[in-house]
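A.B. asks: Model the structure of this input:
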Amino acid sequence: MDLNDANFNTLTDFMRKTLDPDPAVRRPAEKFLESVEGNQNYPILLLTLLEKSQDNVIRVCSAVTFKNYVKRNWRIIEDEPNKISDPDRTAIKANIVNLMLSSPEQIQKQLSDAISIIGREDFPMKWPDLLTEMVTRFQSGDFHIINGVLQTAHSLFKRYRHEFKSNELWTEIKLVLDTFAQPLTELFKATIELCQTHATDINALKVLFSSLTLISKLFYSLNFQDLPEFFEDNMETWMSNFHNLLTLDNKLLQTDDEEEAGLLELLKSQICDNAALYAQKYDEEFQPYLPRFVTAIWNLLVTTGQEVKYDLLVSNAIQFLASVCERPHYKHLFEDQNTLTSICEKVILPNMEFRSADEEAFEDNSEEYIRRDLEGSDIDTRRRAACDLVRGLCKFFEAPVTAIFSGYVNTMLSEHAKNPGANWKHKDAAIYLVTSLASKAQTQKHGITQANELVNLSEFFVNHILPDLKSQNVNEFPVLKADAIKYVMIFRSQLPKEQLLQAIPLLVAHLQAESIVEHTYAAHALERLFTMRGPNNSTLITPAEMAPFTEQLLNHLFKALAIPGSSENEYIMKAIMRSFSLLQESIVPYVPTLIGQLTHKLLLVCKNPSKPHFNHYLFESLCLSIRITCKANPTTVGSFEDALFPVFTEILQTDVQEFVPYVFQVMSLLLEIHANSIPDSYMALFPHLLQPVLWERTGNIPPLVRLLQAYLQKGGASIASSAADKIPGLLGVFQKLIASKANDHQGFYLLNSIIEHMPPESILQYRKQIFILLFQRLQSSKTTKFIKSFLVFINLYSVKYGAIALQEIFDSIQPKMFGMVVEKIIIPEVQKVSGPVEKKICAVGITKILTECPSMMDTEYTKLWTPLLQALIGLFELPEDDSVPDDEHFIDIEDTPGYQTAFSQLAFAGKKEHDPIGEAVGNPKILLAQSLHKLSTACPGRVPSMLSSNLNAEALQYLQGYLQAASVQLV
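C.D. replies: Have a look, this model is predicted:
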């Protein structure tokens, strides 16, 4: 694409169309941009557009498009084409910092993100001058530019907070500190001075305080991994200024908005985070400063109001106290009974109250409420922080803290009892307090795993939780109902089974509640209860115990999906999946109705897939209904196909990228259930599955390979007879996969199925070419994963076509090649093969080479006979060799950056491990003994003499054991 006006105008036009609400206009424009993004100069055109366009909307749109383009394509993935040309990469890096700093804020944010994505890949090795270019801008004195630099540095260094320690990371951080720490400190001091100079200028203060907040965030990132020497030497500068800022109160910066945190709150929140980091990780160095921070933060907590805008500040301040009170040598600060009472009364209780803002979120923003309350999302709430502080205090002062709070709990519960209608919030706070006190350790899988001995959970359940669950009106006091459900859910491992069984029908009834939070909690609680393990690894709740409620459970779960606001509720769908899995054949009578509801739902969501978890559980539920029903009666597979194929066709034709890999998995599951033939509806689809465009997307590869394997398994012969012209296409797929280090194992899965299931004559003409391709790949890049797969393949070939055929095909490519493969690959590497089926294939294949291949006995290959036998005995008896060469970088299939849907494995579409040898060989050791016996009777005396001359004593001893077990002798 040339950089000219025509292309500039075309791009502007298509950019405008991508904003059109009409899908008929928008989709083709999106497809067009996707089709040209591989062209050289495309990103440069985008940057020109965002710099020069007169239309602000187009500029912002170009900035977002550019950021997403970088996100998708910047990373260079091994074995895949480089999607951005080198000249474009150089031009982008040369111009983007300047462009970002001179752009308005909306665009600056997008470009700053793009810089951090590029920096993640290229900094520091391929972009060494990025930091110096940024640091020099601190001298500009223009805070629009300075804040742009700080914002970019923040998004670049933020990852240091969660990266694993490594030499590479330390080297990078050291380089950053050498270049950045001193200028950042000077900027920090200068900005604080400017704040004093402009103390009465509100506009200047806003800009300066944004800078201080970003500087504080950078301080956190740069100090997270370890305490850098520079910051240790300059601790006085940083900490005394942080302390002054914490105690600062500038009336000009106070906002009237009750919801949105102002600049002062954001800065103080970050300083609390920084202090907590030092208190936790560098307490020795931080000790001189700690008391004044505790005092400042305590005063902050006692004087800050209940408005939502202070939530982040208060929760960070409480988290600071929580991290301090858990450290043994700060224990003395909290020992005094009056101090504990004061913390409980003035900090913990006020921040556990259910405020009107929480009530609004409960009713009107249920998704956000659930995310915060149930999933513990990153949005720090006051309640969560107060709860953490209770846990922290209980570490050293469990008895006094429990005693203080028990008094408050009883007072609150008696207040509620006096007037339940008006005082329900008292009970809510009491339940929350009991939960905080009782929970010591918690996991997602088991709920609370360790509880406070001083709290009687079972008694509290009977007296205060059960009455709310039993109340006839499920819509009355929804917050208390949600609290009660959550109590059952989180203490599920602590409550006795009979209490859980008592709760189950009540939870099923609450699935009908109008409140989204309430019925979501009920679904989630049921799903968690159904995953609990009982004795002998079975589920704690059995299908028999669920029998009286099965119909009601399924009915209510599906009805809940019809409640406004819950049409794509992932918790309900997960509960449906888990109920199917628990109830197994008990659901069969209901499946005809349920499958209709599931397919109808699938048809609706495929129009605009927006909830990945919901969609995943929906497909899992489909798989379960298929598995369970067809296990009871395999002939029902046809009715599932009738129900699902129209929707699947729709998904494949409109190319709903997120769903295509799921569709292939469900189709594999259906096809694998069929007896040994392929229905016509599948055969019609077969040619389409070989289209190269489908194989371009990483997420499609595993499910497509599995689907093709199902085709080969069920109808290798019919493909050979009625679709022989498609065999080259099938081998083309194998060739593409084998060339990629990430997907070569998938290529072997496909090849092994071809060898196993296709009639030998149908692939005769292609065999030699297959081996040549494998050797080319061996020469170009030999990885452990490839060697393991290659060994399994050649041994499967030996099992299927015979050892002579294997020897002949190798030697037809190049004379004596068979000997080279045995000597250089099979003997030294076979120990690396892992997996019972893979080992069995190799054992049977090598046995055939040893005993059914005449050239192993009578040519120059004979010298390899004993070492090969020794390698086979080693495969049986020695531990697996899992070492990986030092220089080898093992490739994992990882999420490719950007929007490419990664492959999501459906657990309930799982494929049973297939053993191509099956019953024919029970024990490969016995087979070896019998085959050697047969060989020795054919040429008496040869085998024992070969064994006695070269086989080591230990291996010989194992071999004698095999011969005895098989009751045979060598002659």
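A.B. asks: Grab the nearest non-local neighbour of Ser210.
C.D. replies: Once flanking residues are discounted, Ser210 sits nearest to Asn147: 5.7 Å by CB to CB, 6 or more residues apart in numbering. (Each C-beta comes from the backbone N, C-alpha and C, glycine too.)
A.B. asks: Near the one you found, how many other residues are there?
C.D. replies: By the criterion of other CB atoms under 10 Å, Asn147 has 20 neighbours.
A.B. asks: Met1 now?
C.D. replies: Using other CB under 10 Å, Met1 has 17 other residues around it.
A.B. asks: Distance check, it against Leu500.
C.D. replies: With distances taken as CB to CB, to the nearest Å, Met1 is found 64 Å from Leu500.
A.B. asks: same deal with Ser812?
C.D. replies: Going from Ser812 to Leu500 by CB to CB gives 68 Å.
A.B. asks: Please say which of these two ends up with more neighbours.
C.D. replies: Higher neighbour count among Ser812 and Leu500: Leu500, with 21 against 13, using other CB under 10 Å.
A.B. asks: Please list all residues in contact with Glu398.
C.D. replies: Residues counted as contacts of Glu398 (CB atoms under 8 Å, 6 or more residues apart in numbering) are 452, 454.
A.B. asks: On the three-state scheme, it is what?
C.D. replies: Taken by DSSP: H, G, I helix; E, B strand; the rest coil, the conformation at Glu398 corresponds to helix.
A.B. asks: Now do it against Ile404, distance only.
C.D. replies: For Glu398 relative to Ile404 (CB to CB), the value is 11 Å.
A.B. asks: Also Leu253?
C.D. replies: From Leu253 over to Ile404 (counting by CB to CB), the distance is 37 Å.
A.B. asks: Same check on Ala63?
C.D. replies: For Ala63 relative to Ile404 (CB to CB), the value is 55 Å.
A.B. asks: Ok, Trp170 next?
C.D. replies: Counting by CB to CB, the gap from Trp170 to Ile404 is 46 Å.
A.B. asks: And Ser366, by the same measure?
C.D. replies: From Ser366 to Ile404 the distance is 34 Å (CB to CB).
A.B. asks: what's the answer for Thr152, then?
C.D. replies: Thr152 is 48 Å from Ile404, by CB to CB.
A.B. asks: So if I had to pick from these two, which one is more boxed in?
C.D. replies: Taking neighbours as other CB under 10 Å, Thr152 and Ile404 compare with Thr152 leading, 26 against 18.
A.B. asks: so what pLDDT did that one get?
C.D. replies: With respect to pLDDT, Thr152 scores 93.
A.B. asks: Quick check: which element contains it?
C.D. replies: helix 143-157 (DSSP states H and E).
A.B. asks: Tell me which residues are up against stretch 474-489.
C.D. replies: Counting by CB under 8 Å, 6+ apart, 354, 359, 362, 373-374, 420, 424, 427-428, 431-432, 435, 447, 461, 465-466, 468-469, 471, 495, 500, 503, 507, 509-510, 512-515, 517-518, 521-522, 524-525, 528-529 sit against stretch 474-489.
A.B. asks: lowest-pLDDT helix or strand in this structure?
C.D. replies: Taking mean pLDDT, DSSP states H and E as the measure, strand 439-443 is the helix or strand of the chain with the lowest mean score, a mean of 69.
A.B. asks: Identify the residues contacting the closest residue to Asp20 other than its chain neighbours.
C.D. replies: Sequence neighbours aside, Arg26 is the residue nearest to Asp20 in space, at 4.8 Å (criterion: CB to CB, 6+ apart). Arg26 sits next to 17-20 when contact means CB under 8 Å, 6+ apart.
A.B. asks: any chance of the residues you listed in TSV, plus neighbour count, pLDDT and secondary structure?
C.D. replies: As requested, these are exported to TSV (neighbours: other CB atoms under 10 Å; pLDDT from 0 to 100; DSSP: H, G, I helix; E, B strand; the rest coil):
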residue	neighbour count	pLDDT	secondary structure
Lys17	17	94	helix
Thr18	17	93	coil
Leu19	12	93	coil
Asp20	12	91	coil
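A.B. asks: List just the nearest of the residues you listed to Ala805.
C.D. replies: Thr18 (57.2 Å; CB to CB).
A.B. asks: The residue nearest to that closest one when sequence neighbours are not counted is in what secondary structure piece?
C.D. replies: Leaving out its chain neighbours, the residue that sits closest to Thr18 by CB to CB, 6+ apart is Ala29, at 4.7 Å. Element membership for Ala29 (DSSP H and E) is helix 23-36.
A.B. asks: the helices in the stretch 51-200 of the chain, which residues?
C.D. replies: 56-73, 86-102, 105-122, 130-136, 143-157, 167-197 (DSSP state H, counting those that start in this stretch).
A.B. asks: buried sites along the first one?
C.D. replies: To tie it back to what came earlier, the one meant is helix 56-73. 58-73 (16 or more other CB atoms under 10 Å).
A.B. asks: Packing partners of it?
C.D. replies: If you count contacts as 3 or more CB pairs under 8 Å, 6 or more residues apart in numbering; DSSP states H and E, helix 56-73 packs onto helix 5-17, helix 42-52, helix 105-122.
A.B. asks: Could you list the domains of the protein?
C.D. replies: Following the TED database, one finds the domains of the chain at 1-99, 765-883+900-970.
A.B. asks: Let's have the ones you listed in a markdown table, adding distance to Phe614.
C.D. replies: What follows is the domains of the chain, written out as a markdown table (distance: least, CB to CB, whole Å):
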| stretch | distance to Phe614 |
| --- | --- |
| domain 1-99 | 21 |
| domain 765-883+900-970 | 13 |
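A.B. asks: Out of these, the one nearest Ile738 is which?
C.D. replies: Of the domains of the chain, the one closest to Ile738 (CB to CB) turns out to be domain 765-883+900-970, at 5.6 Å.
A.B. asks: looking only at pLDDT, what's the mean for the closest one?
C.D. replies: Mean predicted lDDT for domain 765-883+900-970 stands at 92.
A.B. asks: Near Phe645, how many other residues are there?
C.D. replies: Other residues within reach of Phe645, judged by other CB under 10 Å, total 17.
A.B. asks: next one: Tyr310
C.D. replies: 21.
A.B. asks: That one touches Glu265, doesn't it?
C.D. replies: Yes. With contacts counted by CB atoms under 8 Å, Tyr310 reaches Glu265, the gap being 6.0 Å.
A.B. asks: Reduced to three states, what does Ile448 come out as?
C.D. replies: Going by three-state DSSP: Ile448 is strand.
A.B. asks: Nearest spatial neighbour of Glu829, chain-adjacent residues omitted?
C.D. replies: Excluding its sequence neighbours, the residue lying closest to Glu829 (CB to CB, 6+ apart) is Ile787, at 5.1 Å.
A.B. asks: got a list of contacts for the helix or strand containing the one you found?
C.D. replies: Using DSSP H and E, the element containing Ile787 is helix 784-801. Here helix 784-801 makes contact (CB under 8 Å, 6+ apart) with 741, 744-745, 748, 751-752, 755-756, 760, 774, 777-778, 805-806, 809, 821, 825-826, 829-830, 832-834, 838, 841-842, 844-846, 848-849, 884-885, 888, 890-891, 916-917.
A.B. asks: Same check on stretch 262-274?
C.D. replies: Stretch 262-274 is contacted by residues 205-206, 209-210, 212-213, 216-217, 219-220, 223, 242, 245-246, 248-250, 253-255, 261, 297, 300, 309-310, 312-313, 316-317, 319-320 when judged by CB under 8 Å, 6+ apart.
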